[in-house]
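Visitor: missing the sequence, but the structure's below:
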């Protein structure tokens, strides 16, 4: 192939690469809209507050200014974490906040680089399905006495239709208590989809939610400012139950004599064991259970916190559960009680159940439990047949909204526990980016100095190939929509050394041919010819390792390092065996430049070779 054609191909690849990475370096604009429900004055106040927030927290990176009823934020390298951060500010409508696309994004469908949580800040959680806890809960819900009672009823019942009903109940309980691998995987996947839906409704952009093994879920949330709230929404099973209190309150009085001992216990495990022992001590019937009533009380820091307040004995049978609630759920402020509550409508079956419960139990307390905690226990004064109800319990606005969201999406099919948690603040992430870029620049500069000082003009050729190598790597990352992490930056630094190593092999081969008395042109031709297979062989072995790291055998940061290494090998082969070769052949063959130097100690050899030619 002619040198001209080779240059055209290189220029086309360079132009395409620049286009692919352009969205990362161009000046971008984010238009921030505000909630339409706000009055014009409130929108103006929210806009001024947002401008001040950006100027204070991002003064060296972005600028913000009022633009009619919106705010315009401008800057380079705008990431999801920043969009999530401003989307959570007071009055901002996160659903309408977006970055204005560039022409290259519309034409080539490319996107800016995605940064991992270790670079842009955020939270990473690994959740595990707690089937042991679920099994214990179900065994409590369907005690042995109940199962034995059903078996006894089945043996005594003669009516075929009633026998079928009892058999159906027995089989349903058996299925509920049977934990097969298929069911466990299905429940975990169901929990993952509910978690995904919950997170989508919180407005977090670009969350990563995926299965990890058979019973674990990985959740990555870029730029999340309130990890505690996010963990609460993600992992809460939010089992909302209505249960009747015991009829005469005798056992409740007996249990509360021991409440101070319970409250003095330090751990949840100790408290659970205490409740079991207390039930035996007061001879509590199996159809009743001791539950804890929670109220917001002053804590040591002066803030109101949800704390145990008293015992209440309830029937184990659930009068109404979350499954009986429709998806018409919302948080509301009650001006009569001056508290937030969650209002909802019931399904047809739920409406019938609730009407029966409230009609047949006038004067009894109906406790509302959230995750087995009694939040309120109103007394039934009259039948409720309208199909709507309310959950009250000293909620804050945030708690009421979270509970409404969880009920709307449904309870998790299995309890979830957090087994791994990592949080990175945006400041630490920015420091990691700066240090990573500095490492690449310093490493690249040292490599360039060495190559130029030792290999002279051929070192300049290697430097050009090295710069193009970085450009091509960045373009491929943009094309792949690859998430760049800190280990990925380490892979880039490693690639710099590997790329130069390939050029060194070629140049040393040329120097060996010159030492044997070959002409410069012959040395260049033989150098590339004999070094090509060596370079391919050495990079092929590294590529095998990179593929293994980037495959399913690798995980998390290791996978990112493997992908970076793999891409670096591909671009190194192209820049060394195509770009460097084109440049060297152009100077030595097309220009017939006698002064082309291969470094220290080769100048005289070049001259002797030309004389003996």
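Guide: Nice, thanks for sending it over. None of these values were measured; they are calculated from a predicted model.
Visitor: separation between residue 521 and residue 585?
Guide: Using CB to CB, to the nearest Å, residue 521 is found at 9 Å from residue 585. The C-beta positions use only the backbone N, C-alpha and C, and glycine is treated the same way.
Visitor: With residue 241 instead?
Guide: In terms of CB to CB, residue 241 sits 79 Å off from residue 585.
Visitor: Likewise for residue 339?
Guide: Counting by CB to CB - residue 339 and residue 585 are separated by 81 Å.
Visitor: and if you look at residue 574?
Guide: Residue 574 is 16 Å from residue 585, by CB to CB.
Visitor: Tell me which residue is most central in the chain.
Guide: Centrality entry for the chain: nearest residue to the mean C-alpha point is residue 220, 1.3 Å, by CA atoms, centre = their mean.
Visitor: Does that residue touch residue 234 like I think?
Guide: No - contact criterion CB atoms under 8 Å: residue 220 and residue 234 do not qualify, at 11.6 Å.
Visitor: Give me the common contacts of those two.
Guide: Common contact partners of residue 220 and residue 234 (CB atoms under 8 Å, 6 or more residues apart in numbering): residue 125.
Visitor: how about the closest residue to residue 574 other than its chain neighbours, secondary structure?
Guide: Spatial nearest neighbour of residue 574, excluding adjacent residues (CB to CB, 6 or more residues apart in numbering): residue 472 at 6.8 Å. Put simply, residue 472 is helix when judged by DSSP: H, G, I helix; E, B strand; the rest coil.
Visitor: helix or strand for residue 12, which one?
Guide: Element membership for residue 12, per DSSP states H and E: helix 3-25.
Visitor: what packs against that helix?
Guide: helix 103-108, helix 426-480, helix 581-585 (3 or more CB pairs under 8 Å, 6 or more residues apart in numbering; DSSP states H and E).
Visitor: Looking at those helices, which one is packed in the most?
Guide: helix 581-585 (a mean of 20; mean count of other CB atoms under 10 Å).
Visitor: burial of the nearest residue to residue 169 once chain neighbours are set aside, as a residue count?
Guide: Residue nearest to residue 169 in three dimensions, not counting chain neighbours: residue 150, with 5.9 Å by CB to CB, 6+ apart. Applying other CB atoms under 10 Å, we find 16 residues neighbouring residue 150.
Visitor: Show me what the helix or strand containing residue 219 pairs with in its sheet, parallel or antiparallel.
Guide: In the assignment (DSSP H and E), residue 219 maps to strand 216-222. Strands that pair with strand 216-222, judged by DSSP bridges, come out as strand 122-129 (antiparallel), strand 208-212 (antiparallel).
Visitor: can you tell me the average pLDDT over that strand?
Guide: If you average the pLDDT over strand 216-222, you get 83.
Visitor: which stretches of the stretch 201-350 of the chain have low pLDDT?
Guide: 201-206, 223-233, 235-239, 300-303, 322-323, 325-328 (pLDDT under 70).
Visitor: Let me see the ranges of the helices in it.
Guide: For the stretch 201-350 of the chain, the helices defined by DSSP state H, counting those that start in this stretch cover 227-235, 250-256, 259-264, 268-281, 348-360.
Visitor: What segments of the stretch 451-600 of the chain are helices?
Guide: Under DSSP H, counting those that start in this stretch, the stretch 451-600 of the chain gives helices at 486-515, 520-550, 557-574, 581-585.
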